[in-house]
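Asks: Starting from these lines, generate the structure:
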Amino acid sequence: MKRVMIIGGAGSGKSTLARQIGDKTGLPVIHIDPMFWKAGWVQRRPEETTALALKATESEEWVFEGNHSATMDARLARADTLIFLDIGTVRRLWRIALRTLCHYGRTRPDMAEGCPERFDWDFIKWVAGYRRGGRVKALRLIRSAPPHVRMLHLHDPAEVRTFLANIPTGRPVGQPEET
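Replies: Okay, here's the model as predicted:
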């Protein structure tokens, strides 16, 4: 496991899982949100986000979390592991509410600098609609994954904990993975 791609709806736990995998393996963690946003919640031009994401995947090792659909195929071609966090809408909305309360007015560690957490009805509606759009795209992506990619379709926190418990604990960064 050298290049891990994590996808799922907002609030599914992508950032948390990426950090946990990074902590356990020593792999560098890449978050899509800082590539998507600039300070003050200013959205980057789509081609700029795409270029930043593709550049990040050139590295030999990473845990890359995020759904930027314009780069999903390219990231998947480089990945050796794809994790789809297919978490239900109510749980994701609850997590978003907790995240907003916990970080309100401050920038989360996985977000672009200068983007303090806030309550946003449009975002809540977008999160609630994920199963009709984003989830369909994610399912299509996992069905099209190349044979070399290990697929994990995780549906709840218990499955995520089991997956994490079975990851071998770290190796020094830069050391070859045992075969």
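
Asks: tell me which residues in the helix of greatest length in the chain are buried?
Replies: For the chain, the helix with the greatest residue count under DSSP state H is helix 89-103. Neighbour counts over helix 89-103 (16 or more other CB atoms under 10 Å) mark Arg92, Leu93, Arg95, Ile96, Arg99, Thr100 as buried. From N, CA and C alone the C-beta is placed, and that goes for glycine too.

Asks: Am I right that Phe163 is in contact with Leu152?
Replies: Yes - Phe163 is within contact range of Leu152, at 6.2 Å (criterion: CB atoms under 8 Å).

Asks: got the contact list for Met5?
Replies: By CB atoms under 8 Å, 6 or more residues apart in numbering, Met5 lies in contact with Phe64, Arg75, Leu76, Ala79, Thr81, Leu82, Ile83.

Asks: In three-state terms, label Phe163 for me.
Replies: Classification of Phe163 by DSSP: H, G, I helix; E, B strand; the rest coil places it in helix.

Asks: Measure how buried it is and give me the count.
Replies: Counted by other CB atoms under 10 Å, the residues lying close to Phe163 total 15.

Asks: Roughly how far does it sit from Gly13?
Replies: Distance, Phe163 to Gly13, by CB to CB, to the nearest Å: 11 Å.

Asks: one step back: just after the longest helix of the chain, pick out the following helix or strand.
Replies: Next along the chain after helix 89-103, taking DSSP states H and E as the criterion, comes helix 121-128.
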